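Engineer: Let me see the structure of the following:
(4 chains)
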2 protein chains.
Amino acid sequence: MGNLALEPLERPEGMTTHEYAHRRLRQAIMVGSIRPGESVTIRGIAEAMESSPTPVREALRRLSSEGALQVLDNRRIMVPRMTADRFGELIALRSVLEQHAARRAVAHITERKIDRLVEIDNAQDEAIKRKDNATALLLNQEFHRTIYTANPEQIIMPMVESVWLQLGPFLGIAMEHVAQLYFVDRHQEAIEALRKRDETAVAAAIDADIREGIGGFERRAIENLLRLAGQ
Amino acid sequence: MGNLALEPLERPEGMTTHEYAHRRLRQAIMVGSIRPGESVTIRGIAEAMESSPTPVREALRRLSSEGALQVLDNRRIMVPRMTADRFGELIALRSVLEQHAARRAVAHITERKIDRLVEIDNAQDEAIKRKDNATALLLNQEFHRTIYTANPEQIIMPMVESVWLQLGPFLGIAMEHVAQLYFVDRHQEAIEALRKRDETAVAAAIDADIREGIGGFERRAIENLLRLAGQ
DNA sequence: TAACTATCTTTGTGATCACATTTTGTAAAT
DNA sequence: ATTTACAAAATGTGATCACAAAGATAGTTA
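Structural biologist: Predicted coordinates for the structure are as follows:
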């Protein structure tokens, strides 16, 4: 359990060690590189990224506050386990949060932003064709993030990302057992609705994107996947 | 800026230092003991609670992930400043989050829970009569928390508390300049709706409680308060 | 008086160490 | 073969130290 395969990540000049550790772990969790129930150790991570326990501990505390990690009673730190019920809660919350975020952003969307959204969506389609799930996943997040952050007073993004983080490990399992993630593309609808500045239509597109995308997993399918993964 | 008046807080047996630091700071921020824009230092807090920088840093990282603190470019850590726009975002988000949390909890509410809610509400009324704002505030939170945590799979509570944390410092300002906080009591409505297991009515009561309570501050009033407080 | 500079102090950061607890591994006993 | 007992290793925790960057202060100059 001590040895942990963390894909390398460039470290910008001037970034602190704890911030780097945080970002690297966060990304690993977000794209499903760490399985639910897997535990991480402070010293293990410190060794893996050639630093010391102190900054790693700060990174782990942040991740636990973000819901990405869970601190057990025996002080061990692990990626939370997934259940069908928890998955349902996460999808319902994701839908509510992102619909709200989208509604609050509509008034601030510029034509330039919309052009950017089209770009991202095209890139995502490319990634899906290449069967590059990880990239498609990140581009999908980038699409959503671009919309929500159009609102300059936005304060919801950390919560949206928290939900993404909590869904990440399950996505990792799904990607292991499903040939290709089923990406539903309601992005075109969202873009059209944004062009018209139609709040309700935007919210509907976001909701559909979530519920028919990752949220579309049936309860039975989730239980099967978790059993297959030995959860 | 180094000296910080932290009201003492009992420390349960076996609680780690960083956890204790986190809880103590969190409570101070939640009830408005620290003003927006005020900065805290690692060594200052460590000295105030007779510990060392290491665990304090962990506590501060957690609080920054919770939105209670803001890390500046110069790495200084401060309580985020409030603006009328940000306040509006916070109230809107609070309403959406708590309505959702309440809806998801309705099915799990027991008669015992409802009795507990009545108790809390009575205690809050007492505190209001005594003009004990801090206690009333905490009891109000306890009321809401009791509802939302009835759902055993609930994952939204950390986000709700994050919003409370972000509103806390402004409440501190409000309490300095307003004789008594205007507590609107839609709790009776919420209790009645819970008794009937009426999701929509519960959500409506929660929404009204928020929007007519703290959310009832007019934009003009907020700007005045902030100006009075030298923000 | 205002602006600049040099010095001292404060502060954040990360590595290291010591300690207590937990976990793991091994050998003996039933 | 399973359980128990004990030793060894691993792990989380918190204090301390050294270093660099930022901030404050005092003194000097224009």
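Engineer: Against which helices or strands is the lowest-mean-pLDDT helix or strand in chain A packed?
Structural biologist: Every helix and strand in chain A was compared by mean pLDDT, DSSP states H and E; the lowest is helix A:219-228, with a mean of 90. Contact partners of helix A:219-228 among helices and strands, from 3 or more C-beta pairs under 8 Å, 6 or more residues apart in numbering or on different chains; DSSP states H and E: helix A:84-106, helix A:157-177. Every C-beta, even on glycine, is put in place using the N, C-alpha and C of the backbone.
Engineer: anything in the shortest one near chain B?
Structural biologist: Think helix A:157-177. Yes: using C-beta under 8 Å from any C-beta of the partner chain, helix A:157-177 reaches chain B at A:158-159, A:162, A:166.
Engineer: Of those, just say which sits nearest to residue B:132.
Structural biologist: Nearest to residue B:132 among these, counting by C-beta to C-beta, is residue A:159 at 31.6 Å.
Engineer: Not including adjacent chain positions, what is the nearest residue to that closest one?
Structural biologist: Nearest residue to residue A:159, sequence neighbours excluded (C-beta to C-beta, 6 or more residues apart in numbering or on different chains): residue B:159, at 4.8 Å.
Engineer: element containing the nearest residue to residue A:110 once chain neighbours are set aside?
Structural biologist: Spatial nearest neighbour of residue A:110, chain neighbours left out: residue A:150 (7.5 Å); criterion: C-beta to C-beta, 6+ apart. Assigned by DSSP states H and E, residue A:150 belongs to no helix or strand.
Engineer: Test my guess that residue A:150 contacts residue A:108.
Structural biologist: Yes: using C-beta atoms under 8 Å, residue A:150 is in contact with residue A:108, at 4.4 Å.
Engineer: Look at the two and report which has more neighbours.
Structural biologist: residue A:150 (22 against 14; other C-beta atoms under 10 Å in any protein chain shown).
Engineer: Tell me who's in contact with that one.
Structural biologist: By C-beta atoms under 8 Å, 6 or more residues apart in numbering or on different chains, residue A:150 lies in contact with A:105, A:108-110, A:113.
Engineer: And the pLDDT at it?
Structural biologist: Model confidence at residue A:150, given as pLDDT, is 98.
Engineer: and what of residue A:182?
Structural biologist: Among the per-residue scores, residue A:182 holds a pLDDT of 68.
Engineer: Can you give me every residue that contacts residue A:184?
Structural biologist: By C-beta under 8 Å, 6+ apart, the residues touching residue A:184 are A:208-209, A:212-213, A:216.
Engineer: which SS class is it?
Structural biologist: For residue A:184, the secondary structure call by DSSP: H, G, I helix; E, B strand; the rest coil comes out as coil.
Engineer: got the phi/psi numbers for it?
Structural biologist: Dihedral angles of residue A:184 (phi, psi; degrees, to the nearest 10) stand at phi -90, psi 140.
Engineer: and the closest residue to residue A:168 other than its chain neighbours, how far is that from chain B?
Structural biologist: In space, and not counting its chain neighbours, residue A:168 is closest to residue A:30: 4.6 Å by C-beta to C-beta, 6+ apart. Counting by C-beta to the nearest C-beta, to the nearest Å, the gap between residue A:30 and chain B amounts to 15 Å.
Engineer: and if you look at residue A:185?
Structural biologist: 26 Å.
Engineer: thinking that residue is in contact with residue A:125, fair?
Structural biologist: Yes: counting by C-beta under 8 Å, residue A:125 is a contact partner of residue A:185 at 7.5 Å.
Engineer: Run through the residues that contact the most centrally placed residue in chain A.
Structural biologist: Residue closest to the average C-alpha location in chain A (C-alpha atoms, centre = their mean): residue A:164, at 3.1 Å. By C-beta under 8 Å, 6+ apart, residue A:164 lies in contact with A:30, A:94, A:141.
Engineer: now with 10 Å?
Structural biologist: Residue A:164 makes contacts with A:26, A:29-31, A:66-68, A:90, A:94, A:98, A:137, A:140-141, A:144-145, A:171, A:214, as judged by C-beta atoms under 10 Å, 6 or more residues apart in numbering or on different chains.
Engineer: Name only those of those residues that count as buried.
Structural biologist: Neighbour-count burial (16 or more other C-beta atoms under 10 Å in any protein chain shown) applied to the contacts of residue A:164 gives A:26, A:29-31, A:66-68, A:90, A:94, A:98, A:137, A:140-141, A:144-145, A:171, A:214.
Engineer: Report the contact partners of the residue nearest to residue A:168.
Structural biologist: By C-beta under 10 Å, 6+ apart, the neighbours of residue A:30 are A:68, A:134, A:137-138, A:141, A:161, A:164-169, A:171-172.
Engineer: Residue A:99: what's its closest spatial neighbour, skipping adjacent residues?
Structural biologist: residue A:203 (4.2 Å).
Engineer: Determine the set of other helices and strands touching the one helix or strand that neighbour maps to.
Structural biologist: Assigned by DSSP H and E, residue A:203 belongs to helix A:199-212. Counting contacts by 3 or more C-beta pairs under 10 Å, 6 or more residues apart in numbering or on different chains; DSSP states H and E, helix A:199-212 packs against helix A:84-106, helix A:133-148, helix A:187-195.
Engineer: try it again with 8 Å
Structural biologist: With contacts taken as 3+ C-beta pairs under 8 Å, 6+ apart, helix A:199-212 sits against helix A:84-106, helix A:187-195.
Engineer: That one to helix A:84-106, inter-axis angle?
Structural biologist: Orientation check (axes from the mean of the first three to the mean of the last three C-alpha atoms, to 10 degrees): helix A:199-212 against helix A:84-106 gives 150 degrees.
Engineer: need the contact list for the residue in chain A that chain B sits nearest to.
Structural biologist: Closest to chain B within chain A is residue A:65: 4.0 Å, counting by C-beta to the nearest C-beta. Listed by C-beta under 8 Å, 6+ apart, the contact partners of residue A:65 are B:61-62, B:65-66, B:158.
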